[in-house]
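[1] model this:
(one chain, ligands or ions: 2)
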Amino acid sequence: MGQTAFLEIQRVHASFRGPQGDLDALDDISLQVERGEFVCLIGPSGCGKSTLLRIIAGLLAPSSGAVYLGGERISVPGRRIGLVFQSPTLLPWRTVEGNVALPLEMDGLSSEVRQDRVLKLLKMVGLSGFEKDYPLHLSGGMAQRAAIARALAQNPEVLLLDEPFGSLDALTRERMTAGLLHIWQTYQRTVVMVTHSVEEAALLADRVVVLSPRPGRVVDILPIELPRPRDPGLLLDPRLQQIARHLREVLRAGEEQTLQYIAGQQATP
Ligand code: ADP
Ligand code: MG
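    Ligands and ions are numbered 1, 2, ... in the order given. Predicted coordinates for the structure are as follows:
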């Protein structure tokens, strides 16, 4: 099969071997993402969203299907793709700046250049003044912001974000969303982000991919035609609220289809 899009997810299936047999997590996921595009993934809990991000990042091999970036098959994790996990994974023995500097150290940059970049990144995620703190002393939201800064330090071509603001209070969440919009509008990185908030998806995304309950299938892909640049003020806009309502309906329809399918299977032995 030819690869056309920048990031190409081709017919990905994922199943896990368990004590009660195989568990299907993803069923035939295909998706094309253009360079610089912002795509949000939404779907019920347990439908395979994190599994899909791990496959795109090369951390997990799909049971079948493949992922390509710029025509190159992704089979191992690498610098081209950055992943921010659902719960932040910082090295506890390194300070905030030490964690963010990690990818830069691997690049062999001088300490002045590193320091300069780290301070800029920390400023961008609102962590100036916390450079010398250890992860243990950070709130969940601050740790998550440090993890985002570290992923950006890696300068990846694709940034994968797994419910990055899930653990934050509403106000911090809004501030982070504004920050992410700003980062994306400045750097024009390709982003694939999982969120459980339909409003957040409508605000951020160029397209929203709606997944069904497990095994996750693509129920619908909706382009979000709100003008850019956007800012969180748009959350109050009736156009955005209309889109969010529609996304909720598509999610619900996907759940109902699955329930009917399960009921049908149980009725016919
Ligand atoms: P989501 O992120 O959408 O909530 P996940 O991708 O975390 O869903 O999980 C999808 C399904 O796969 C769940 O039923 C989960 O229990 C299962 N699963 C995920 N990772 C593993 C694993 N490493 N081994 C076995 N089952 C797993
Ligand atoms: Mg998840």
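[2] can the top helix by length along the chain be found next to ligand 1?
    Identified as the longest helix of the chain according to DSSP state H is helix 238-267. No: residues of helix 238-267 contacting ligand 1 under Cβ under 6 Å from any ligand atom: none, with a closest distance of 12.5 Å. For the C-beta atoms, the positions are set from N, CA and C on the backbone; glycine is no exception.
[3] in the worst-scoring helix or strand of the chain on mean pLDDT, what's buried?
    The helix or strand of the chain with the lowest confidence, counting by mean pLDDT, DSSP states H and E, is helix 170-187 at a mean of 84. Neighbour counts over helix 170-187 (16 or more other Cβ atoms under 10 Å) mark 172-177, 180-181, 183-184 as buried.
[4] how big is the angle separating the helix or strand just after that helix from helix 170-187?
    Going down the chain from helix 170-187, the next helix or strand is strand 190-194, by DSSP states H and E. Using axes from the mean of the first three to the mean of the last three Cα atoms, to 10 degrees, the inter-axis angle of strand 190-194 relative to helix 170-187 is 160 degrees.
[5] How far away from the center of its chain is the helix or strand that strand 190-194 is followed by?
    Tracing the chain past strand 190-194, the next element assigned as helix or strand by DSSP H and E is helix 198-204. How far helix 198-204 lies from its chain's middle: 13 Å, per Cα atoms, centre = their mean, to the nearest Å.
[6] what mean pLDDT would you report for helix 198-204?
    On average, the pLDDT along helix 198-204 is 96.
[7] How many neighbouring residues does Thr4 have?
    As a burial measure, Thr4 scores 10 neighbours (other Cβ atoms under 10 Å).
[8] no wait, Met124
    When neighbours are defined as other Cβ under 10 Å, Met124 has 18 of them.
[9] quick one: it from Leu236, how far?
    For Met124, the distance to Leu236 (Cβ to Cβ, to the nearest Å) stands at 25 Å.
[10] Show me the helices in this protein, by range?
    For the chain, the helices defined by DSSP H occupy 49-56, 96-106, 111-124, 140-153, 170-187, 198-204, 238-267.
[11] Output the fifth one as PDB - backbone C-alpha positions only.
    Okay, so that is helix 170-187. The C-alpha trace of helix 170-187 is given here as PDB (Å, rounded to 0.1, in the frame of the first residue of the first chain):
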ATOM      1  CA  ALA A 170     -10.800  23.900  35.500                       C
ATOM      2  CA  LEU A 171      -8.800  27.100  35.700                       C
ATOM      3  CA  THR A 172      -5.400  25.500  35.200                       C
ATOM      4  CA  ARG A 173      -6.900  23.400  32.400                       C
ATOM      5  CA  GLU A 174      -8.100  26.500  30.600                       C
ATOM      6  CA  ARG A 175      -4.700  28.200  31.000                       C
ATOM      7  CA  MET A 176      -2.900  25.000  29.700                       C
ATOM      8  CA  THR A 177      -5.300  24.800  26.800                       C
ATOM      9  CA  ALA A 178      -4.600  28.400  25.900                       C
ATOM     10  CA  GLY A 179      -0.800  27.700  26.200                       C
ATOM     11  CA  LEU A 180      -1.100  24.600  24.000                       C
ATOM     12  CA  LEU A 181      -3.000  26.600  21.300                       C
ATOM     13  CA  HIS A 182      -0.200  29.200  21.400                       C
ATOM     14  CA  ILE A 183       2.500  26.600  21.200                       C
ATOM     15  CA  TRP A 184       0.800  24.900  18.300                       C
ATOM     16  CA  GLN A 185       0.200  28.200  16.500                       C
ATOM     17  CA  THR A 186       3.800  29.200  17.000                       C
ATOM     18  CA  TYR A 187       5.600  25.900  16.200                       C
END
